[in-house]
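Engineer: Next comes the sequence, and after it the predicted model I'd like to discuss.
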Amino acid sequence: MKFLKQFSQKAILAATLTLSTTAFAEEALNLDTLLKTLEQGQAVQTEQNKAREADFRSKQDQQVAMLNALTNKRDGELNRSERLETSFEENEIKLQNLTDTLSKRMGSLKELFGVLQQVAGDSSNKFQTSVVSAQIPGRSAFMDEMAKKMGSSSRLASIEDIEKVWYELQREMTEQGKVSRYNSEVIVAGGSKVTKEVVRVGAFNLISDGKYLTYNPVTNTTSELTRQPSSRFTETAAQLQTTTTGTAAFALDPTGGSILGLLVQAPNTEEQVHQGGAVGYVILGVGILALLIALERFFSLMIMGAKIRRQLKDDVAREDNPLGRVMKVKEQYPSVAYDTLELKLSEAILREMPKITRNLTLIKIISVVAPLLGLLGTVTGMINTFQAITLFGTGDPKLMAGGISQALVTTVLGLVVAIPTVFLYTLLNTRSRNLLLILQEQSAGIIAERSEKGA
């Protein structure tokens, strides 16, 4: 109240000052009018103050009522908490007593359920990765549910559940010894799904259309391997699929796909050739060149040899073979001495020698250069390998093994080119020498014949 009075006095003083300022500004107002105005303002201010006091008293009563209600509610909740805590302790004692009673009544069954939980958990993991699940899905989910049920102390397995676990285990063992056929969707190259006949070989491999398949347990899908093993394995797969009775040879992967995965990662012949790089391509290029030259020399010497053998049976010299052209020398110089004729025949043989031994030296050079090029590629590859080791260290053995393998490819290519090239050179050189020996033999006969006539 004291505060309200002070506030009223200050308000009256402010109003007085305001009105006084207005009075000075507007000289039309007089003192009586100012007094009336102050009396009216004081009356209005008094009414407002009374209204504020009444509102404050009413809200104060509401705050007190709210405080009392919350206090009562707190006391009620405290009592309820004490009751619940007491009930919780009593329930814990009852639960412990019931658990002890359950354990006593279960007896040996507790061990049985523990073994059943372990078997169900292990079987779930086995069924999830087994290729038998590609034909018989859904077994892993049941085993998971059984393991969770056995892990819970409030749920027990029924006789039907136990029998089903035994049945699934027995079915898995039985299916592992069977070769089954069934139709299923297979993801082929390109990502499309095609319904095909799938042959399941026990719990080891899946094949279809002579190709090996892989089973994805996460998505429960069957797909063709993006890269198939070598033909000697896929041929057995095709043979097994076409065989309906009896036995058939089949390349079985006992690891369930691990060995097969390693086989498909191994590079084939074409990829190994590409690993040789530029040096490998050069080696193959000179090898093809040597092969073409050898083929040309082989057929040329074969035709030339046939003509020479035909000329040996005929006394009339022909111009279509080296022997005939050598024999023509005798006819061209019928009266010269035998020593002069010998020189003329030697000259004729020397003219024929380049035609017989043409390009054989090039084949010999290639047989020597090819392994040297292979050694060059190996040294270059080893340098690159050691540079990679310098950068990345020796933590990954595959990095070293892969680099060394690529380096040795060029050596293999060099030997592959050099070995048959040496063989071809030896064969062709022997043939050419045999033809030259025939020419020399016939030349010696002509000289002997002319020497006898001169004597």
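Structural biologist: Perfect, I can see it now. Numbering: from 1, shown residues only.
Engineer: Can you get me a residue count around Thr129?
Structural biologist: 13 (other CB atoms under 10 Å). To be clear about C-beta, it is placed using only N, CA and C from the backbone, and glycine gets the same treatment.
Engineer: Chain neighbours aside, what residue packs nearest to it?
Structural biologist: Leaving aside its chain neighbours, Thr129 sits nearest to Pro217 (5.6 Å; criterion: CB to CB, 6 or more residues apart in numbering).
Engineer: where's the spatially most central residue of the chain relative to Tyr215, distance?
Structural biologist: For the chain, Gln265 is the residue whose C-alpha lies nearest the centre (CA atoms, centre = their mean; 9.0 Å). Going from Gln265 to Tyr215 by CB to CB, to the nearest Å gives 19 Å.
Engineer: do the same with Val369
Structural biologist: For Val369 relative to Tyr215 (CB to CB), the value is 51 Å.
Engineer: neighbour-wise, which of the two wins?
Structural biologist: Tyr215 (22 against 19).
Engineer: got a pLDDT number for the more buried one?
Structural biologist: Note for Tyr215: predicted pLDDT of 85.
Engineer: Can you verify it is assigned to a strand?
Structural biologist: Yes - assessed with DSSP: H, G, I helix; E, B strand; the rest coil, Tyr215 lies in a strand.
Engineer: which residue packs closest to it, ignoring adjacent ones?
Structural biologist: In space, Tyr215 is closest to Ala134, 4.5 Å off (CB to CB, 6+ apart).
Engineer: Which helix or which strand is home to that neighbour?
Structural biologist: Per DSSP states H and E, Ala134 falls inside helix 132-135.
Engineer: Check the gap between Leu67 and Asp61 for me.
Structural biologist: 11 Å.
Engineer: what sits against Gly280?
Structural biologist: Neighbour list for Gly280: 273-274, 377, 409-410, 413 [criterion: CB atoms under 8 Å, 6 or more residues apart in numbering].
Engineer: Please flag which of the residues you listed sit within helices.
Structural biologist: The helices, defined by DSSP state H, take in 273-274, 377, 409-410, 413 from the contacts of Gly280.
Engineer: Could you identify the buried members of those residues?
Structural biologist: Listed as buried from these are 273, 377, 409-410, 413; burial here means 16 or more other CB atoms under 10 Å.
Engineer: Show me the two of these that sit farthest apart.
Structural biologist: Val273 and Gly377 (11.9 Å; CB to CB).
Engineer: Need the overlap of contacts for these two.
Structural biologist: Counting by CB under 8 Å, 6+ apart, the contacts common to Val273 and Gly377 are 280, 409, 413.
Engineer: Redo those residues as JSON lines? Include pLDDT and distance to Ile207.
Structural biologist: Putting these into JSON lines (pLDDT from 0 to 100; distance: CB to CB, whole Å) gives the following:
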{"residue": "Gly280", "pLDDT": "86", "distance to Ile207": "35"}
{"residue": "Val409", "pLDDT": "87", "distance to Ile207": "32"}
{"residue": "Leu413", "pLDDT": "90", "distance to Ile207": "35"}
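Engineer: Out of those residues, the closest to Thr226 would be?
Structural biologist: Of all those, the one with the least separation from Thr226 (CB to CB) is Val409, at 23.7 Å.
Engineer: gap between that closest one and Tyr338?
Structural biologist: 61 Å.
Engineer: residue ranges of the helices in this protein, please?
Structural biologist: Ranges of helices in the chain, per DSSP H, are 2-25, 31-106, 109-129, 132-135, 139-151, 159-175, 231-242, 258-265, 269-275, 277-312, 322-332, 338-356, 360-392, 397-454.
Engineer: List the buried residues of the fifth one.
Structural biologist: Within helix 139-151, the residues that qualify as buried are 139-140, 142-144, 146-147, 149-150, counting by 16+ other CB under 10 Å.
Engineer: again with the third one
Structural biologist: Under the neighbour-count criterion of 16+ other CB under 10 Å, helix 109-129 has 113, 116-117, 119-121, 123-124, 126-128 buried.
Engineer: what does that helix rub up against?
Structural biologist: The contact list for helix 109-129, computed with CB under 8 Å, 6+ apart, reads 103, 106, 133, 139-140, 143-144, 146-147, 150-151, 156-157, 162, 165, 168-169, 172, 217, 256.
Engineer: orientation of that helix relative to helix 159-175 in degrees?
Structural biologist: Relative orientation of helix 109-129 and helix 159-175, computed by axes from the mean of the first three to the mean of the last three CA atoms, to 10 degrees: 40 degrees.
Engineer: How about exporting helix 109-129 as CSV, limited to the C-alpha atoms?
Structural biologist: Output in CSV follows, covering the C-alpha atoms of helix 109-129 (Å, rounded to 0.1, in the frame of the first residue of the first chain):
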residue,chain,number,x,y,z
LEU,A,109,16.9,-81.2,-19.2
LYS,A,110,18.8,-78.0,-18.6
GLU,A,111,21.9,-79.5,-20.0
LEU,A,112,19.8,-80.8,-22.9
PHE,A,113,18.5,-77.4,-23.7
GLY,A,114,22.0,-75.9,-23.5
VAL,A,115,23.3,-78.5,-26.0
LEU,A,116,20.2,-77.8,-28.2
GLN,A,117,21.0,-74.1,-28.1
GLN,A,118,24.6,-74.7,-29.2
VAL,A,119,23.6,-77.1,-31.9
ALA,A,120,21.0,-74.7,-33.2
GLY,A,121,23.4,-71.8,-33.3
ASP,A,122,26.2,-73.8,-35.1
SER,A,123,23.7,-75.3,-37.5
SER,A,124,22.3,-71.9,-38.3
ASN,A,125,25.7,-70.7,-39.5
LYS,A,126,26.3,-73.9,-41.4
PHE,A,127,22.9,-73.8,-43.1
GLN,A,128,23.4,-70.1,-44.1
THR,A,129,26.5,-70.8,-46.1
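Engineer: quick one: the residue nearest to Tyr215 from Arg200, how far?
Structural biologist: Ala134 is 7 Å from Arg200, by CB to CB.
Engineer: tell me, what's touching those two both at once?
Structural biologist: Leu206.
Engineer: Comparing those two, which residue is more hemmed in?
Structural biologist: Per other CB under 10 Å, whichever of Ala134 and Arg200 has more neighbours is Arg200, with 25 against 20.
Engineer: where in the chain is pLDDT low?
Structural biologist: For the chain, the stretches with pLDDT under 70 are 1-30, 102-110, 152-156, 266-267, 393-403, 454-455.
Engineer: and if we set it to 90?
Structural biologist: Where the chain drops to pLDDT under 90, the residues are 1-73, 75-76, 83, 90, 93-281, 305, 307-352, 354-359, 374-411, 438-455.
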